[in-house]
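J.: Sequence plus the predicted model coming up.
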Amino acid sequence: MSKISIVFDRLRTEEKMLKKEAAELGHTAVMLDAKITQINTETKKEDLDLGDVVLERCVSYFRGLHFTSALEFLDIPVLNKFDVAHTCGNKMFMTLLLKKNNIPTPKTYFSFSSESATENLEKVGYPLVIKPVIGSWGRGVMPIKDKDAMDAIVEVREITDSPHDRIYYLQEVVKRPPRDIRIITIGDEPIAGMYRKSTGGFKTNIALGADPEICEITKEMEEMAIKASKAMGGGILGVDMMEDEEKGIVVHEVNNTVEFKGLAKVSKRNIPKEMIQFALDYTRK
Amino acid sequence: MNCPECDAKLNIPEDASVGEIVSCPDCGADFEISKKEGSNIELKQAESVGEDWGE
């Protein structure tokens, strides 16, 4: 029997599913709330007693990332690794790494001030899609169709003025069917896929109400998912792809603490069970 | 147990765990279960969605 810890900051269906599967496999699952856990420079691995491996499942990217850094400092095996979480949590870092590894990805423009972003848009032409470099569930993602729209974005960002608002990530609009594809990879192996269909708007995020539908993973999708997972550093990931009418499959995002409750309902494979098994095997390597 | 915000009755499932979020059916406020010992349950205000929340 092994012991696995699941670090969370908001207990969702996914974390409860992981706990249940660990118990059914005969292992002990410890649920650890990151918000009330204290670590200091003198803390030892034994003080926390987190078992063989930790699954970091915080909904807050920064909380999870910093917690992971503490766990790695204590030499506690954690999934995903700090480097993977760090890269996947920032769209610019992730996009650059996809491109570096020759994985087809939408053309993306980076600017480091509002003036420069506006100038670039005028040069490249409308529309482009703006995405915050940090954040998820489609929040702040919108097509910029004209200068008025860009001016409004700039004004809002100048008011909110968070550090990441100074980074402008603008992406080409991919000509595609009104859906995208989410493939969950565990240890570089694609194990389940779904189409996420837009409910009429521009976005296809399940968190915004997009309809999930099982997707049979084609050879091309499989190849892209494996390449994207390896490029990020492996672990447990959600690879998002679009079907570009001209270029074929393009990978536009790789997610770190992947949500899977919708896909788990329709998948032929037991996603949380495979995550637990992978995590425990990971420590034995 | 009643909602700390509006006093409406909260429906907390018996198998609910610490860290889970319960929403008030009347006012919509979200609370996190901070302690659970048998039927003794303590709630705290749930965190609101942050800029860095997501996958």
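T.: Yep, it's here.

J.: Is the lengthiest strand in chain B positioned near chain A?
T.: In chain B, with assignment by DSSP state E, the single longest strand is strand B:30-37. Yes - under the criterion of Cβ under 8 Å from any Cβ of the partner chain, chain A is reached by strand B:30-37 at residue B:32. C-beta here means a position set from N, CA and C on the backbone, and glycine is covered the same way.

J.: Convert that strand to CSV, retaining C-alpha atoms only.
T.: C-alpha atoms of strand B:30-37 as CSV (Å, rounded to 0.1, in the frame of the first residue of the first chain):
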residue,chain,number,x,y,z
ASP,B,30,-20.3,30.7,-1.4
PHE,B,31,-18.9,29.2,1.8
GLU,B,32,-16.0,26.8,2.3
ILE,B,33,-16.3,24.0,4.8
SER,B,34,-13.4,24.7,7.2
LYS,B,35,-14.1,22.1,9.8
LYS,B,36,-16.3,19.0,10.0
GLU,B,37,-16.6,16.7,13.0
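
J.: Pull out the buried positions in it.
T.: B:30-34, B:36 (16 or more other Cβ atoms under 10 Å in any protein chain shown).

J.: so for it, what's the average pLDDT?
T.: In this model, strand B:30-37 carries a mean pLDDT of 94.

J.: Output the contacting helices and strands for the helix or strand that it is followed by.
T.: Note on strand B:30-37: by DSSP states H and E, the next helix or strand toward the C-terminus is strand B:40-45. Using 3 or more Cβ pairs under 8 Å, 6 or more residues apart in numbering or on different chains; DSSP states H and E, the elements in contact with strand B:40-45 are strand B:30-37.

J.: List the neighbouring strands of the strand it packs on plus their orientation.
T.: Here strand B:30-37 has these sheet partners by DSSP bridges: strand B:21-23 (antiparallel), strand B:40-45 (antiparallel).

J.: what does it rub up against?
T.: Residues outside strand B:30-37 that contact it (Cβ atoms under 8 Å, 6 or more residues apart in numbering or on different chains) are A:10, B:3-4, B:10, B:12, B:16-24, B:41-47.

J.: Quick check: the gap between the closest residue to chain A within chain B and residue A:89.
T.: Proximity of chain B to chain A (Cβ to the nearest Cβ) peaks at residue B:54, 1.9 Å away. The gap separating residue B:54 from residue A:89 is 9 Å, by Cβ to Cβ, to the nearest Å.

J.: so what sits against both of these two?
T.: Overlap of the contact sets of residue B:54 and residue A:89 (by Cβ under 8 Å, 6+ apart) consists of residue A:61.

J.: rewinding a little: mind listing what the residue of chain B closest to chain A touches?
T.: Contact analysis of residue B:54 by Cβ under 8 Å, 6+ apart lists A:59, A:61, A:135-137, A:139, A:207, A:255.

J.: Can you say which of those are buried?
T.: Among the contacts of residue B:54, those classed as buried by 16+ other Cβ under 10 Å are A:59, A:61, A:135-137, A:139, A:255.

J.: Quick check: the farthest pair among those residues?
T.: For those, the farthest-apart pair by Cβ to Cβ is A:139 and A:255; their separation is 14.0 Å.

J.: sec struct for residue A:110, please.
T.: strand (DSSP: H, G, I helix; E, B strand; the rest coil).

J.: for it, what are its contacts?
T.: A:92, A:167-170.

J.: Need the nearest residue in space to residue A:264, chain neighbours excluded.
T.: Leaving aside its chain neighbours, residue A:264 sits nearest to residue A:271 (4.8 Å; criterion: Cβ to Cβ, 6 or more residues apart in numbering or on different chains).

J.: ok, and the closest non-adjacent residue to the residue in the stretch 101-250 of chain A that chain B sits nearest to?
T.: Ranked by Cβ to the nearest Cβ, the top residue of the stretch 101-250 of chain A for proximity to chain B is residue A:136, at 1.9 Å. By the measure of Cβ to Cβ, 6+ apart, the closest residue to residue A:136 outside its immediate chain neighbours is residue B:54, 1.9 Å from it.
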